[in-house]
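Trainee: What shape does this take:
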Amino acid sequence: MVSENDALETTSPRRESADDVITPLDEPSELEDKSYPLETRWWLAGTAFPLLAGTFGPTASAFSICSLAERWRARIPPGGSPSNAIPIKDPKWLALAVNGISLGFALVANFSLLLNMARRLSFPVAQPITIGGWYISSILLIILAALLRHNLDSPTHQMTQAYYYAIIAAAIYFLVSSLMVITVIGARRNHYSREFRLTINQRSLMLQTITWIVYLLGGAAVYAHIEDWNFLEAVYWADVTLLTDGFGDLAPKTHLGRGLLFPYAIGGILALALVITSIRDLMLERGKSAIIARRTEFTRIRVADQVRKGKGRVRGIRLPPISEPYQLSESERQEAEFYLMRRIHKVASLKIKWVLLSISVLAWTVLWLLGALAFFIAEQEQNWSYFDSLYFAYTSLLTIGYGDFVPGPTWGKPFLVFWSLLAIPTMTILISSMGDTIAKFVEDATNYAGELTVLPGDTNYKDRILSPIRQFRGLIYASRGDFISRDATFKDHADEIHIEETSPSSSEAWARDQELGSDNAARAREIKEAADNRYRRQYILMREICKISGDLNASPPKMYTYDEWCFYLSLVGKMKRCSSYINIPHSQIEEVHDHPQIGLRTSVVIDKPNFPTRKWSWIGMRSPLVGDKDEAQWIFEALSAALEHDLRLQSEQGRAD
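Mentor: Reported below is the predicted structural model:
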């Protein structure tokens, strides 16, 4: 058995050359500051809810315009059907006063929110106008609809599509204003900034959605005039045309209408494709990244806490023996913590991807079943069964559109327009989530089968056949954390973690390092040269900055090996403060507190005056693998800051001389 001191001092020549070289650069910049992700609910309140309000608010205003385009009540002639109903003239106070005032308040609310997002109107001024305007619009439409419905003689009269457009608009106004109330509450509790710092993609999503709605209504107005259609019937036609359902119950008959269809349809489909792309890039890629980062931080905090306590497992992650000083040396504990952090990232990412897939499948199923229920209730006059409604809703969601079932003239068509708009983001999220999970598995299986049969790859058949077994074994090792001996080495092979048992002989460890190639020795030499020669250090920094710049936009993001991380951190003077988590002094322990701006227990470093040099761990709060930045971005900024710091010192020294 090796003593504790011997265990702490046992290290390979490679690790000694990387860790013990001290560069003149101790504090290049505030590289250790972290921007921790918001808790999921506050990310929704601070980012997703304003975006939903900014997109669905104008959509509700478009439905309000539809409610003004036609009378709300109609009389069914004796012996006639609902499709032959004759509109009844509404009172002037309905069309010109209350309904118009409601639309005016809604437009002011929309404009106020857009000005606030463009930072032309302050948050305390804009939000009361936005929330109050939408609430007033909703209340006015609800009161108006209730009064007219109460005075309706149902056997001989019916409500028109315009009435149901008003109901839908009122519901959307109430929903988006309530969402903004939640946003205001979160901002006042300081969970996020009171200013909407929208990115270009976020603004593009809002503008593209508004443009598509205007395009739909504008085309409906043109075709209503050309084909002599009712405007609301034209809105229904434009919706099923641009969404490529094409039921066939309504189609242009004139040469002018058919000729204009060529540019109108392709323009609408392209605009819709832009909206779908923005939803995928913004709400999925970035939103999913924020949720994964949040989950990763939550898991890291629990793992770090268990490492301090010497526990062995955190929700499927069995910890390596880094809490036992006799099993691993200090350098091996640091390397084990590096791959443990890698495992934390992978477990959190995989879990969130499957959770998002489950949520998207559930959302799509709910939209399908509830939509079918609504069509079943709306189309009682056509004697639709619930199975018929399920069939119609399914073919509509998948844009098959056979046309054997079409909605009737009452509230089936307005609901279809609204329901189809909800289907756009729902289908986008579902397809994207399947692409990250199920489709990825099918793609890998197809490529594997192809390489074994008709399209052989560069790998020989034996290695190709055994690769799934090795990957599965690596995942089992990673999930169990079966670290075999105190001299185990932890090497990164993409998604696999191989554990090799070696003897405690330092000569064998040195021979093992030689087998890994001469890269580590070359890196150690360059670190020594950088410490001795300022100009050599500047050259190395500039060379590595150019090299890393090619990895900034890599997809998937580039992940660097442990040796590469040691090299880069040594260049910026950070590696010499690296420590295993259990060896960080108690004065610098990452204590766990309730963070007021995050809403989740997170690490807060307590610094004492007697310890000016703060240590960090790979699984600690100051780890380069913690935060919302890609590895290439973090290294690029660190090297750039180090070079800038070195050149500034050189310039100041030159002026002093």
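
Trainee: which element is the residue of the chain positioned farthest from its centre on?
Mentor: For the chain, the residue at maximal distance from the C-alpha centroid (CA atoms, centre = their mean) is residue 78, at 56.7 Å. Under the criterion DSSP states H and E, no helix or strand holds residue 78.

Trainee: swap in residue 356?
Mentor: Secondary structure (DSSP H and E) places residue 356 in helix 330-378.

Trainee: now that helix: mean pLDDT?
Mentor: Averaged across helix 330-378, the pLDDT comes to 88.

Trainee: counting contacts, what elements does that helix pack onto?
Mentor: Judged by 3 or more CB pairs under 8 Å, 6 or more residues apart in numbering; DSSP states H and E, helix 330-378 is in contact with helix 4-9, helix 287-309, strand 317-318, helix 386-397, helix 412-436, strand 489-493, strand 496-500, helix 562-571. All C-beta spots, glycine's among them, are computed from the backbone N, C-alpha and C.

Trainee: mind giving me JSON lines with the ones you listed and columns for distance to residue 160?
Mentor: Output for the helices and strands packed on helix 330-378, formatted as JSON lines (distance: least, CB to CB, whole Å):
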{"stretch": "helix 4-9", "distance to residue 160": "83"}
{"stretch": "helix 287-309", "distance to residue 160": "39"}
{"stretch": "strand 317-318", "distance to residue 160": "60"}
{"stretch": "helix 386-397", "distance to residue 160": "22"}
{"stretch": "helix 412-436", "distance to residue 160": "9"}
{"stretch": "strand 489-493", "distance to residue 160": "66"}
{"stretch": "strand 496-500", "distance to residue 160": "65"}
{"stretch": "helix 562-571", "distance to residue 160": "67"}
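
Trainee: And stretch 237-256, what's buried?
Mentor: Buried residues in stretch 237-256, defined by neighbour count with 16 or more other CB atoms under 10 Å: 237, 238, 239, 240, 241, 242, 243, 245, 246, 247, 250, 252.

Trainee: for these, which one is nearest residue 347?
Mentor: The closest of these to residue 347 turns out to be residue 243 (CB to CB; 38.9 Å).

Trainee: residues contacting the closest one?
Mentor: Residue 243 sits next to 272, 399, 420, 423, 424 when contact means CB atoms under 8 Å, 6 or more residues apart in numbering.

Trainee: again with residue 631
Mentor: Going by CB under 8 Å, 6+ apart, residue 631 touches 557, 558, 559, 560, 624, 625.

Trainee: Now with 6 Å, please.
Mentor: Residues near residue 631 by CB atoms under 6 Å, 6 or more residues apart in numbering: 559, 560.

Trainee: Tell me how far it lies from residue 568.
Mentor: Distance of residue 631 to residue 568, given as CB to CB, to the nearest Å: 10 Å.

Trainee: Could you do residue 244 as well?
Mentor: Residue 244 is 50 Å from residue 568, by CB to CB.

Trainee: Next one: the residue farthest from the centre of the chain relative to residue 120, how far apart?
Mentor: Going from residue 78 to residue 120 by CB to CB gives 58 Å.

Trainee: again, but for residue 278
Mentor: 23 Å.

Trainee: neighbour-wise, which of the two wins?
Mentor: Comparing residue 278 with residue 120 by other CB atoms under 10 Å, the one with more neighbours is residue 278, at 21 against 10.

Trainee: The more buried one: which element?
Mentor: Per DSSP H and E: residue 278 is located in helix 255-279.

Trainee: for residue 292, what are its contacts?
Mentor: By CB under 6 Å, 6+ apart, the neighbours of residue 292 are 348, 349, 352.

Trainee: Are any of those buried, and if so which?
Mentor: Applying 16+ other CB under 10 Å to the contacts of residue 292 flags 348, 349, 352 as buried.

Trainee: Show me which of those residues is closest to residue 581.
Mentor: So of those, ranked by how close each gets to residue 581 (CB to CB), first place is residue 348, at 18.4 Å.

Trainee: before we move on, the earlier item: whichever of the contacts of residue 243 end up buried, select them in PyMOL.
Mentor: Provided next is the PyMOL selection string for whichever of the contacts of residue 243 are buried by 16+ other CB under 10 Å:
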select buried, resi 272+420+423+424
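
Trainee: of all the contacts of residue 243, which comes closest to residue 116?
Mentor: Residue 116 lies nearest to residue 424 out of the contacts of residue 243, by CB to CB, at 25.4 Å.

Trainee: gap between the closest one and residue 536?
Mentor: According to CB to CB, residue 424 and residue 536 sit 57 Å apart.

Trainee: For residue 623, what is the enclosing helix or strand?
Mentor: Here residue 623 is assigned to no helix or strand, by DSSP H and E.

Trainee: For it, what are phi and psi?
Mentor: Per-residue torsions, residue 623: phi -60, psi 140 (degrees, to the nearest 10).
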